[in-house]
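Asks: Just to be clear, the model below is a prediction. Sequence and coordinates:
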Amino acid sequence: MNARELFDRLRPIQEEKGYYFNQDEEMTLSLLESLLVNKERYGFMACPCRLASGTFALDKDIVCPCAYRDADVADFGACFCGLYVSKALHDAAKPAPVVEERRPVEKTLAALGG
């Protein structure tokens, strides 16, 4: 599967839930390609914008769509990496805003082995 195929497969499923891919197609396809790389590397699609340990039990909160997406989109109109945006942001075709990191620092440190 390539990034375009993943896009085509996920888009209707996510739009039905009220989540839209970022209108910046180059960025979106790059993020989707990175998710596929992480799937090959770790066996699961860890968010490419966060540090993964490679152990599912430690990384399950950042498996796309991550545990933080819903709150990020509700509060900011986009998720942390900018892959998913709200319908309003999608329809306005505005760039995704900067989103604060919600993942606890302890989880990032655990990914570093600390």
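Replies: Thanks, I have it. Numbering: from 1, shown residues only.
Asks: Quick check: phi and psi at F80.
Replies: phi -50, psi -50 (degrees, to the nearest 10).
Asks: Touching, it and P48? I think so.
Replies: No: using C-beta atoms under 8 Å, F80 is not in contact with P48, being 10.8 Å away. Quick note: C-beta positions are derived from backbone N, CA and C, even for glycine.
Asks: In terms of helices and strands, where is K39?
Replies: If you go by DSSP states H and E, K39 is part of helix 25-42.
Asks: Now do the strands in the chain.
Replies: Ranges of strands in the chain, per DSSP state E, are 20-21, 84-85.
Asks: And the first one, what does it pack against?
Replies: Strand 20-21 makes packing contacts with helix 3-16, strand 84-85, helix 87-92 when contacts are defined by 3 or more C-beta pairs under 8 Å, 6 or more residues apart in numbering; DSSP states H and E.
Asks: And the first one, how far out from the chain middle?
Replies: The chain centroid and the centroid of helix 3-16 are separated by 13 Å, computed with C-alpha atoms, centre = their mean, to the nearest Å.
Asks: what is the orientation angle of it with helix 25-42?
Replies: Interaxial angle of helix 3-16 relative to helix 25-42 (axes from the mean of the first three to the mean of the last three C-alpha atoms, to 10 degrees): 100 degrees.
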